[in-house]
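Participant: Give me a model of this one.
(2 chains)
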There are 2 protein chains.
Amino acid sequence: VTRMAQEIAEQPAAIARTLDALLPQRDALRRLATGRRQVLLVARGTSDNAAAYARYLLEIHAGIGTTLGAPSLATHYGIRRDLTDTLVVCLSQSGETEEIVATQRWARHSGACTVAIANASDSPLIGEADLGLVTQAGPELAVPATKSYTAQLAAVAVVADALGDPERSLEPRLRAVPDRLARTLDARAGVDEAVAALADAEEILVTGRGLVFGTALETALKLEETCLQPVRGLSYADLRHGPIAVVDEHSTVLLVAAQDGPMVAAMGELAAELTDRGAATIAIGGDAELQAASSRSVPGPDLTEIVAPLGLIGPAQLVVEELARTRGLDPDAPRGLAKVTQTDPDQPAPGEPDA
Amino acid sequence: VTRMAQEIAEQPAAIARTLDALLPQRDALRRLATGRRQVLLVARGTSDNAAAYARYLLEIHAGIGTTLGAPSLATHYGIRRDLTDTLVVCLSQSGETEEIVATQRWARHSGACTVAIANASDSPLIGEADLGLVTQAGPELAVPATKSYTAQLAAVAVVADALGDPERSLEPRLRAVPDRLARTLDARAGVDEAVAALADAEEILVTGRGLVFGTALETALKLEETCLQPVRGLSYADLRHGPIAVVDEHSTVLLVAAQDGPMVAAMGELAAELTDRGAATIAIGGDAELQAASSRSVPGPDLTEIVAPLGLIGPAQLVVEELARTRGLDPDAPRGLAKVTQTDPDQPAPGEPDA
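Facilitator: Below you'll find the predicted structure:
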């Protein structure tokens, strides 16, 4: 059994521990966010895929305008901004990515209040934040992030719950995640068939939309870095605005969708259209229509769209881990990747803009 | 000569006409933006690549917080937002993409003031906006957008100039674009060599960072839709956080950079690293170091970074158009694409959220 497989299996417990640790911090989050009119998210890589969920979740559930930040505006262009109306949320599993730490420092100097989400309590990102949300994934030894990513999603959901209407709290739906994810991971339904379909795939594309768009991006990133093949993650809309023209019998498309919500019907229609173009299609999650319209189907956990990303990545991770082994690769230590990524490897940590 | 080639050549005149028409609207833009603390950009496809430039330009030059909008939040999730502090800028070449028109309608109902950028004065997007900026590209007959895209970039620059410090006006730098772009288009330096390098390329990737990141995305989109091969556009940071692991001797990477600014040095280092991994590298623009570190080089116009996107896409378009012909394809009418793209083809136009 690989470490990656073990860590995938540990996710229900990691999510449950993270919810136990962070749900009690909602009052502190509410106090900190008082008077803040918008949220700015700062992240890279896998953490940026968690931020993609946070962006939709905060807008939809908490009703607060949310921006995905471009760290280089702070670290390279040195712009000055008045962030006194802004809550800045920085995500980094290690809490050590210099670009993210530097951007958080810049945000504090610009008047923002800052929340850090990291899996290491002694990291600079947590140490320097106004409020640190330490995820409880435990040590992660495989290079591809799995349980540290789903623990981030749980933290993000706690932030959205804190800023949202307490009468529509996400808590019951979040508490249901660990059991339902565990059942899906145990069943491994459709995983072998999806791996067989992907084993010799030439062009792999992953698409999704709305709340689960980040899940599609994370599936693409994990496939690419673990299975060492270029994989594109594209939103439903971006796919339709051009790249769909190159989908043909050489393409294998994974369609990521929740079991309900306003997006799943269009994903089913897209699956049918991609099949018409000759592509092989694999549904990750979705409803009965999407599954019927796809050549292969890996069902997701029984979770409503608003919390679906916490569970939907699980079966996708099972596919990635098994595909890597099928191809004779070591999923725990993919070629050319380190556990802590620096965006600018040779550059000294940027100072504060006012220094 | 293809229509696409003609329309590429018409860009200096299209940009000049657009500047003549829109620079006088800066006072109206300033009045409209009074009291607005942030900008929300709404676009898809090629227009979204223009929005990527607008995002950096507005933050860097005008010092205003800017968000790339997710139209589905309005059209599918029906969120309610208070946009009374927001200037919303919608971009669509045709002005007819329903999703964008519907999002502009939603924004007005949410209290935003709205600016529309389109190439058709009689389009619904222009008709319903508080202020319409009609670009002067003239009729565009080839399916791949070229002059309508660069005219959008000129419009975006006018918006940023209106909101920025008049003492540091972009106007002189913008006025220099047509001549310098014309010279670069006439010279076609490096184009044949880049086309030869791309003719049999297996995996094509385009990367860029900061102000010219949108130029990299647009180069990738044009290559893909015109040359019918999957092409990935990735930011410098996203490339480093994972996908760089799959760059090898099967990869051809286009590195897009301005001739100056805080990003070009890192792009040169990246070119050297990609070469070490066995990839073929093609510089689009850049400085002497980037060009020396790349296997091929297509120099950009002599334009400083802040306005470079208006000219830098020109030589990239020349490569795309010639590559398509080299492959026996018709650049004017790529397979499977229409001139006006609807994100949800089967869906009726969404109503106003309050209807």
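Participant: Most proximal residue of the stretch 151-300 of chain A with respect to chain B?
Facilitator: Residue of the stretch 151-300 of chain A nearest chain B, by Cβ to the nearest Cβ: residue A:241 (3.3 Å). Just so you know, the C-beta spots here come from the backbone N, C-alpha and C atoms, and that holds for glycine as well.
Participant: Now do the strands in the stretch 201-350 of chain A.
Facilitator: For the stretch 201-350 of chain A, the strands defined by DSSP state E, counting those that start in this stretch cover A:203-208, A:231-235, A:251-257, A:280-285, A:296-298.
Participant: Now do the third one against strand A:231-235, angle only.
Facilitator: With axes from the mean of the first three to the mean of the last three Cα atoms, to 10 degrees as the basis, strand A:251-257 and strand A:231-235 are set at 50 degrees to each other.
Participant: For strand A:251-257, buried residues please.
Facilitator: Buried residues in strand A:251-257, counted by 16 or more other Cβ atoms under 10 Å in any protein chain shown: A:251-257.
Participant: Packing partners of it?
Facilitator: If you count contacts as 3 or more Cβ pairs under 8 Å, 6 or more residues apart in numbering or on different chains; DSSP states H and E, strand A:251-257 packs onto strand A:203-208, helix A:213-227, helix A:264-276, strand A:280-285, helix A:309-326.
Participant: Give me the residues contacting that strand.
Facilitator: A:197-198, A:201-209, A:212, A:215-216, A:219, A:247, A:263-264, A:267, A:270-271, A:274, A:277-287, A:290, A:294, A:312, A:316 (Cβ atoms under 8 Å, 6 or more residues apart in numbering or on different chains).
Participant: Which residues are in contact with the nearest residue to residue A:135 once chain neighbours are set aside?
Facilitator: Of all residues not flanking residue A:135 in the chain, residue A:151 sits nearest, at 3.6 Å (Cβ to Cβ, 6 or more residues apart in numbering or on different chains). Residues near residue A:151 by Cβ under 8 Å, 6+ apart: A:14-15, A:17-18, A:119, A:135-137.
Participant: So residue A:151: helix, strand or coil?
Facilitator: helix (DSSP: H, G, I helix; E, B strand; the rest coil).
Participant: For it, report the pLDDT, please.
Facilitator: The model reports residue A:151 with a pLDDT of 98.
Participant: Also residue A:335?
Facilitator: 78.
Participant: Name all residues that make contact with it.
Facilitator: Applying Cβ under 8 Å, 6+ apart, the residues near residue A:335 are A:228, B:245.
Participant: try 10 Å this time
Facilitator: Contacts for residue A:335 (Cβ atoms under 10 Å, 6 or more residues apart in numbering or on different chains) come out as A:143, A:225-226, A:228, A:329, B:245-246, B:248.
Participant: cool, and residue A:227?
Facilitator: Shown in contact with residue A:227 (Cβ under 10 Å, 6+ apart): A:198-199, A:201, A:204, A:319-321, A:323-327, A:329, A:331, A:334, B:246.
Participant: just the buried members of the residues you listed?
Facilitator: Judged by 16+ other Cβ under 10 Å, buried ones among the contacts of residue A:227: A:198, A:201, A:204, A:319-321, A:323-325, A:327, A:331, A:334, B:246.
Participant: Return the member of the residues you listed nearest to residue A:172.
Facilitator: Comparing the buried ones among the contacts of residue A:227 against residue A:172 with Cβ to Cβ picks out residue A:319 as the nearest, at 29.3 Å.
Participant: pLDDT value on the closest one, please?
Facilitator: On the pLDDT scale, residue A:319 gets 98.
Participant: Confirm for me that it is in contact with residue A:284.
Facilitator: Yes - proximity of residue A:319 to residue A:284 meets the contact threshold set by Cβ atoms under 10 Å, at 7.9 Å.
Participant: list the residues that contact both of those two?
Facilitator: A:190, A:194, A:219, A:254, A:296, A:298.
Participant: export those to a markdown table and tack on pLDDT?
Facilitator: Formatted as a markdown table, the shared contacts of residue A:319 and residue A:284 follow (pLDDT from 0 to 100):
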| residue | pLDDT |
| --- | --- |
| A:190 | 98 |
| A:194 | 98 |
| A:219 | 98 |
| A:254 | 98 |
| A:296 | 97 |
| A:298 | 98 |
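Participant: for residue A:92, what are its contacts?
Facilitator: Neighbouring residues of residue A:92 by Cβ under 10 Å, 6+ apart: A:42-48, A:98-101, A:104, A:116-120, A:123-126, A:148, A:152, A:340-341.
Participant: Give the helix, strand or coil label for the closest residue to it other than its chain neighbours.
Facilitator: Spatial nearest neighbour of residue A:92, chain neighbours left out: residue A:100 (4.6 Å); criterion: Cβ to Cβ, 6+ apart. On the three-state scheme (three-state DSSP), residue A:100 is labelled helix.
Participant: any idea how far residue A:29 is from residue B:314?
Facilitator: 49 Å (Cβ to Cβ, to the nearest Å).
Participant: So for these two, which sits in the more crowded spot?
Facilitator: Remark: of residue A:29 and residue B:314, residue B:314 carries more neighbours, 25 against 20, as counted by other Cβ atoms under 10 Å in any protein chain shown.
Participant: I'd say the more buried one and residue B:12 touch.
Facilitator: Yes - Residue B:314 is within contact range of residue B:12, at 8.6 Å (criterion: Cβ under 10 Å).
Participant: Okay, the nearest residue to residue A:191 once chain neighbours are set aside and residue A:299: tell me how far apart.
Facilitator: Sequence neighbours aside, residue A:318 is the residue nearest to residue A:191 in space, at 4.8 Å (criterion: Cβ to Cβ, 6+ apart). Separation of residue A:318 from residue A:299 (Cβ to Cβ) stands at 12 Å.
Participant: Many thanks, we can stop here.
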